[in-house]
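Asks: Give me a 3D structure for the following:
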Amino acid sequence: MASISTLGVGSGLDLSSILDSLEAAEKSTLNPISAQQSSYTAKLSAYGTLKNALASFQTANTALSSADLFTATTTASSSSAFSAATTGNAIAGKYTISVSQLAQAQTLTTKSTQADSKTAIASADSTITIQQGGGKKPVTIDISAANSSLNGIRDAINKADAGVSASIINVGNGKYRLSVTSNDTGSDNAMSISVSGDSVLQSFMGYDASGNGGMEESITAQNAKLKVNNVDIENGSNTISDALEDITLNLNDVTTGNQTLTITKDNSKSEKAINDWITAYNSLQDTFSSLTKYTAVDAGTDAQDTSNGALLGDSTLRTIQTQLKSMLTSSGSSSFRTLAQIGITSDPSTGELSVDSSKLETALKNNSGDIKDMFVGDGKTTGVTTTMGSNLTSWLSTTGIIQAATDGVSKTLNNLTTQYNDASDRIDTMMARYKAQFTQLDVMMNSLNSTSSYLTQQFESTSSSKS
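Replies: Have a look, this model is predicted:
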């Protein structure tokens, strides 16, 4: 059988173009599936956009859910000798503070010196025991004779987590001393050091509460002493959290006479949190609008506008949008029933919120507790942000409605991919069959044409010979 390298050569027909037309016609049946794939892919991406927008709003909503925002205070000190930090429940007012003594951590330093920091001091293995007050357990540290140099003792103490730190002081002229400092301030944390196993090492660095031994107290363990509203207070730390309720004092220095600590109410934090929440809510509304955008088309036109949102008419988004709007009235306050009462209003056409800053500031100044109740409620079931927070957590969970919708779209996309691949395979098989048949036709036509030419030649030759 003759070989055909190009369709149509044998038959003289444009079989290649016919085959291309047949293939194009068959592949056009894939277009509806491709269109559905594009639609569902866009929807899958849109659910991701929706989820990210809800997560961003959740961050602002969580921030506004803090009850401490509405009782926040700010502090001012008339002296740099002390500062203060408050919790949300601190009571505004003025306090007289005078600091006569700061708390100190005890430091013990050897009386005698060593000519260098590397030569062993002890001739026998020893055990150093460090005991601090305040009910702390003694810490024992093993020191070998070979490792009893200043360097060795320092490193062993620092590795023992004994509640103290050791260092070597170069006092000049090639002489060195060992210094041990408690990690904690206060007289209760004064220490004693004893050494067993080597008398030379005991004489070098032993110390007891009466001051006996080879070390001396270079810095005395002492408590902080101060007066708050002329009431004497003594504390082992320079950070004092139990003198004034919900106020922590941080002492930096002694004062000259009485100084003043002023605690004032601070509405700026709650106002900022409310404005951030409004901004985030409006951004979420913009996302809703973008994902559900609709552009009308002319009557009789089948196709929708290509600029339409991927979640136009989507029940999941519509449910979230409707429920969020209803939660704006989930007030936990008996004084304020609507956001409009504190200056926050909603645009009925866009759903976005706007705020009258002056009205909000006045409401926060006069009724911050009631505004807290409006937004936070009981922190469990009532309050605008509390209710929204519970629902946002549910919507965004791995078992929430967004994940369910996403899973549904993914399943549909997988089915469409299977349909597309199956249909494409069928078309490829069909086109291979057509091509084989066309090739056979070409070969047959080529053979017939050859036979026809041969017979024609024979007839012509016969006619010529008879003549």
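
Asks: going forward, measure contacts between C-alpha atoms and count neighbours the same way
Replies: OK.

Asks: where are the low-confidence patches of the stretch 301-450 of the chain?
Replies: 301-306, 438, 442, 446, 449 (pLDDT under 70).

Asks: now the strands: where do they sit in it?
Replies: Under the criterion DSSP state E, counting those that start in this stretch, the stretch 301-450 of the chain contains strands at 344-346, 353-355.

Asks: Same list (the ones you listed) but as TSV, adding distance to Ser117.
Replies: Below are these laid out as TSV (distance: least, CA to CA, whole Å):
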stretch	distance to Ser117
strand 344-346	72
strand 353-355	71
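
Asks: Helices of the stretch 51-200 of the chain, start to end?
Replies: 150-159, 199-205 (DSSP state H, counting those that start in this stretch).

Asks: With mean neighbour count, mean pLDDT and distance to Gly134 as extra columns, can I get those in TSV?
Replies: Below are these laid out as TSV (neighbours: other CA atoms under 10 Å; pLDDT from 0 to 100; distance: least, CA to CA, whole Å):
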stretch	mean neighbour count	mean pLDDT	distance to Gly134
helix 150-159	19	97	20
helix 199-205	19	95	22
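
Asks: out of these, nearest to Ser394?
Replies: helix 150-159 (49.3 Å; CA to CA).

Asks: Quick one: closest of the strands of the stretch 301-450 of the chain to Tyr454.
Replies: Closest among the strands of the stretch 301-450 of the chain, using CA to CA: strand 353-355, at 92.2 Å.

Asks: which regions of the stretch 151-300 of the chain lie under the pLDDT threshold?
Replies: 296-300.

Asks: and Thr439, how many neighbours?
Replies: 22 (other CA atoms under 10 Å).

Asks: Ser16 versus that one, what's the distance?
Replies: 10 Å (CA to CA, to the nearest Å).

Asks: Longest helix in the protein, please.
Replies: helix 401-466 (DSSP state H).

Asks: helices or strands next to it in the packing?
Replies: helix 15-27, helix 31-64, helix 315-327, helix 384-396 (3 or more CA pairs under 8 Å, 6 or more residues apart in numbering; DSSP states H and E).

Asks: can the ones you listed go into a markdown table with extra columns for distance to Leu226?
Replies: Below are these laid out as a markdown table (distance: least, CA to CA, whole Å):
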| stretch | distance to Leu226 |
| --- | --- |
| helix 15-27 | 90 |
| helix 31-64 | 37 |
| helix 315-327 | 51 |
| helix 384-396 | 43 |
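
Asks: can you list the domains in the chain?
Replies: Split into domains by automatic domain parsing, the chain comes to 1-72+266-296+305-458, 73-102+224-265, 107-219.

Asks: isn't Ser98 right next to Lys227, touching?
Replies: Yes. Between Ser98 and Lys227 there is a contact at 5.2 Å, judged by CA atoms under 8 Å.

Asks: what residues does stretch 230-243 touch?
Replies: Stretch 230-243 has contacts (CA atoms under 8 Å, 6 or more residues apart in numbering) with 96-97, 102-104, 184-188, 222-228, 247-252.

Asks: buried sites along it?
Replies: Residues of stretch 230-243 classed as buried by neighbour count (16 or more other CA atoms under 10 Å): Glu234, Asn235, Gly236, Ser237, Asn238, Thr239, Ile240, Ser241.

Asks: so who does Thr386 touch?
Replies: By CA under 8 Å, 6+ apart, the residues touching Thr386 are Ser65, Phe375, Val376, Gly377, Gly379, Lys380.

Asks: ok, back up a step: between the helices of the stretch 51-200 of the chain, which gets nearest to Thr417?
Replies: Evaluated with CA to CA, the helices of the stretch 51-200 of the chain place helix 150-159 nearest to Thr417, the distance being 63.7 Å.

Asks: Which neighbouring elements make contact with that closest one?
Replies: Under the contact definition 3+ CA pairs under 8 Å, 6+ apart, helix 150-159 sits against strand 139-143, strand 164-172, strand 175-182.

Asks: mind saving the C-alpha coords of the longest one as PDB?
Replies: Extracted as PDB, the C-alpha positions of strand 164-172 are listed here (Å, rounded to 0.1, in the frame of the first residue of the first chain):
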ATOM      1  CA  VAL A 164      23.800  34.700  92.300                       C
ATOM      2  CA  SER A 165      26.300  35.800  89.800                       C
ATOM      3  CA  ALA A 166      30.100  35.800  90.200                       C
ATOM      4  CA  SER A 167      32.700  38.100  88.600                       C
ATOM      5  CA  ILE A 168      36.400  38.800  88.800                       C
ATOM      6  CA  ILE A 169      37.600  42.400  89.600                       C
ATOM      7  CA  ASN A 170      41.000  43.500  88.500                       C
ATOM      8  CA  VAL A 171      42.000  45.900  91.300                       C
ATOM      9  CA  GLY A 172      45.300  46.900  89.600                       C
END
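
Asks: ok, it: who's next to it in the sheet?
Replies: Using DSSP bridges, the strands paired with strand 164-172 are strand 175-182 (antiparallel).

Asks: And the shortest one, by the same measure?
Replies: The partner list of strand 139-143 in its sheet, established with DSSP bridges, is strand 126-132 (antiparallel).

Asks: Out of the contacts of stretch 230-243, name the ones that lie in strands.
Replies: Thr96, Ile97, Ala224, Lys225, Leu226, Lys227, Val228, Ile247, Thr248, Leu249, Asn250, Leu251 (DSSP state E).

Asks: quick one: Ala60 and Asn52, what's the gap?
Replies: In terms of CA to CA, Ala60 sits 13 Å off from Asn52.
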